[in-house]
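# Using only what follows, build the 3D model:
(chains A and B)
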Protein chains: 2
Amino acid sequence: MNRKIKEPQGLLLVVSGPSGAGKGTICNLMRKALPELAYSVSVTTRQPREGEVDGKDYFFKTVAQVKDMIFRGELLEYAQVYGNYYGTPKPYVQQLLNEGKDVLLEIDIQGALQIKKVFPDGVFIFVVPPSLEELRARIYKRGTDAEDVIEKRLRAATGELEYASEYDYIIVNDDAEKATKRVLTLMEAERYRAGRTYFLVDDMIRSGK
Amino acid sequence: MNRKIKEPQGLLLVVSGPSGAGKGTICNLMRKALPELAYSVSVTTRQPREGEVDGKDYFFKTVAQVKDMIFRGELLEYAQVYGNYYGTPKPYVQQLLNEGKDVLLEIDIQGALQIKKVFPDGVFIFVVPPSLEELRARIYKRGTDAEDVIEKRLRAATGELEYASEYDYIIVNDDAEKATKRVLTLMEAERYRAGRTYFLVDDMIRSGK
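Here you go, the predicted structure:
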């Protein structure tokens, strides 16, 4: 018998997708719909800006500290952007999940696939635009970028679409409100997955009640 | 790249669980909520009763015909009950799915696990009572069975609970209406699964639109 007994813990939701798909908007709507949803505080080596609070906006670290965290496997994913490190701290996320809190991470594709290796039980959601034409329209609308820069971003996004098959769910973002409702639906369904619910059945069998 | 490209087709929903869990009630409520939901017509070797229509109530077959179907692998699952064969015809279910119709099967645990081998992409749902005490109360309420028969059924049902871990979802049937809503929710979520939605993304990439 292939038993999968797990203590009840929070869901790790990783929302990812190419730029222009609208994952940021969906994550904001998710937080509005579920104010109790936890999210990760990233570590960074960049200087705090005015008003930023350590442990709330970011965990501010030195380069040596972040390299040490990477070495000890304490970052779920990390990237270097303009010479600064940014990363997602694993013990922090793990603690939230152990406390039974659902954690939402909005993260780029490379980062999401790194996280999947550490948390294969996470729920990996890939947001796609309804069409490449719509994606082009959104990238145009958003920016002041030159035509060739836009075309380059569009090609990059198209290339990234192929990674959708590595995820658990694909959400078509034709309308941000509707797409958010779809994510909330799959979140509920994930709670009924046998891997997450079997402990209830196991309790019944063991207790005889 | 691990591509999973599938043409859109109907969902195969297999609702199973120990007797007394209430899978029959849930399936009836599902059919009410989704009148377009297809269900399988079983084959049987028993004689048609008055008013029963071949191809609607059952496909009536001879023992030789059913044995032939088993031999050719045309039954998804079958069992012998009081000397008669009962089975679920595979080509019939496959045709409904190919037509894009969702198919609901209410089936015992052994049958469901047989079907899983043939249709691993089906959605396998295990219905459990909220507690063994509740299961006992339901079995008592239902029947005119003697105490020792009830205890035997209860022990059998408890033993069957262990199979829950082989399913995709576990639905606790504390209230039939609520449990049905949960099944409808997971049905919607299953449509967003990457394995079922990737064809949309693939279309975008191939067409460039």
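
# Any part of stretch A:135-150 near chain B?
No. On the criterion C-beta under 8 Å from any C-beta of the partner chain, stretch A:135-150 is out of touch with chain B, staying 8.7 Å away. For glycine as for every other residue, the C-beta is placed from the backbone atoms N, C-alpha and C.

# any idea of the mean pLDDT for that stretch?
Stretch A:135-150 shows a mean pLDDT of 79.

# what does that stretch rub up against?
When contacts are defined by C-beta atoms under 8 Å, 6 or more residues apart in numbering or on different chains, stretch A:135-150 is touched by residues A:Pro18, A:Ser19, A:Gly20, A:Ala21, A:Gly22, A:Pro129, A:Arg153, A:Leu154, A:Ala157.

# For the first one, give its distance to A:Ile150.
Read that as A:Pro18. Note on A:Pro18: its distance to A:Ile150, by C-beta to C-beta, to the nearest Å, is 14 Å.

# The fifth one too?
With the distance defined as C-beta to C-beta, A:Gly22 ends up 17 Å from A:Ile150.

# so what's the residue of chain A found nearest chain B up against?
At 3.4 Å from chain B, A:Ala189 is the closest residue in chain A, using C-beta to the nearest C-beta. Contacts here follow C-beta under 8 Å, 6+ apart; on that basis A:Ala189 touches B:Tyr169, B:Thr185, B:Leu186, B:Glu188, B:Ala189, B:Glu190.

# hmm, back to that, tell me which of A:Gly22 and A:Ile150 has more neighbours.
A:Gly22 (24 against 16; other C-beta atoms under 10 Å in any protein chain shown).

# got a list of contacts for stretch A:95-111?
Contacts of stretch A:95-111 (C-beta under 8 Å, 6+ apart): A:8-18, A:23-24, A:27, A:30-31, A:34, A:36-40, A:76-79, A:88, A:93, A:112, A:115, A:160, A:163, A:187.

# from these, which ones fall inside helices?
Mapping the contacts of stretch A:95-111 onto helices (DSSP state H) picks out A:Lys23, A:Gly24, A:Cys27, A:Met30, A:Arg31, A:Val93, A:Ala112, A:Ile115, A:Glu160, A:Met187.

# how far is stretch A:198-206 from where the chain is centred?
Here stretch A:198-206 is found 31 Å from its chain centre; the criterion is C-alpha atoms, centre = their mean, to the nearest Å.

# low-confidence ranges in chain A?
A:1-7, A:143-144 (pLDDT under 70).

# Try it again at 50.
Residues of chain A meeting the criterion pLDDT under 50: A:1-4.

# Now do the helices in it.
Applying DSSP H to chain A gives helices spanning A:23-33, A:63-71, A:90-98, A:109-118, A:132-142, A:147-161, A:176-191, A:194-207.

# tell me which residues in the longest one are buried?
What that stands for is helix A:176-191. Using 16 or more other C-beta atoms under 10 Å in any protein chain shown as the test for burial, helix A:176-191 gives A:Ala179, A:Thr180, A:Arg182, A:Val183, A:Leu184, A:Thr185, A:Leu186, A:Met187, A:Ala189, A:Glu190.

# cool, the first one as well?
By neighbour count with 16+ other C-beta under 10 Å, helix A:23-33 contains the buried residues A:Lys23, A:Ile26, A:Cys27, A:Leu29, A:Met30.

# hmm, which two among the contacts of A:Ala189 are most spread apart?
B:Tyr169 and B:Glu188 (12.7 Å; C-beta to C-beta).

# sorry, back to before: filter the contacts of stretch A:95-111 down to the buried ones.
Buried subset of the contacts of stretch A:95-111 (neighbour count, 16+ other C-beta under 10 Å): A:9-18, A:23, A:27, A:30, A:37-40, A:76-78, A:88, A:93, A:112, A:115, A:160, A:163, A:187.
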